[in-house]
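Peer 1: From the sequence below, what's the structure:
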Amino acid sequence: MTRLIDYYFSLQSPWAYEQNRREALAADVIGSPVYVFDGEVFWGQDRIELLADALKSGRAPYRSQV
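Peer 2: I've put the predicted structure just below:
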């Protein structure tokens, strides 16, 4: 447990957290878990099959017009 705490407070962990947070905000992530594929957001574990279909099909990502 001490190693985990030491790692968390190392220089890499806070930077990685902040980088992930900024990327999530930029991708309009609204919750967890979320998967982003080529700009298309798949929110929730129940969308994993839709993500798999998108990966297999090669289709263009759906984009919101809002």
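Peer 1: For stretch 21-32, which residues meet the burial criterion?
Peer 2: Val29 (16 or more other Cβ atoms under 10 Å). From N, CA and C alone the C-beta is placed, and that goes for glycine too.
Peer 1: Can you tell me what sits against the strand or helix carrying Gln19?
Peer 2: Using DSSP states H and E, Gln19 falls within helix 12-26. With Cβ atoms under 8 Å, 6 or more residues apart in numbering as the contact definition, helix 12-26 has outside contacts at Tyr7, Val34.
Peer 1: CA-only coordinates of it in CSV, if you can.
Peer 2: Written as CSV, here are the backbone C-alpha positions of helix 12-26 (Å, rounded to 0.1, in the frame of the first residue of the first chain):
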residue,chain,number,x,y,z
GLN,A,12,3.9,11.4,-12.8
SER,A,13,0.6,10.7,-11.2
PRO,A,14,-0.7,14.3,-10.7
TRP,A,15,0.4,15.2,-14.2
ALA,A,16,-1.3,12.1,-15.7
TYR,A,17,-4.5,12.8,-13.8
GLU,A,18,-4.6,16.4,-15.0
GLN,A,19,-3.9,15.3,-18.6
ASN,A,20,-6.7,12.7,-18.5
ARG,A,21,-9.1,15.2,-16.9
ARG,A,22,-8.4,17.8,-19.7
GLU,A,23,-8.8,15.2,-22.4
ALA,A,24,-12.1,14.0,-20.9
LEU,A,25,-13.4,17.6,-20.8
ALA,A,26,-12.3,18.3,-24.3
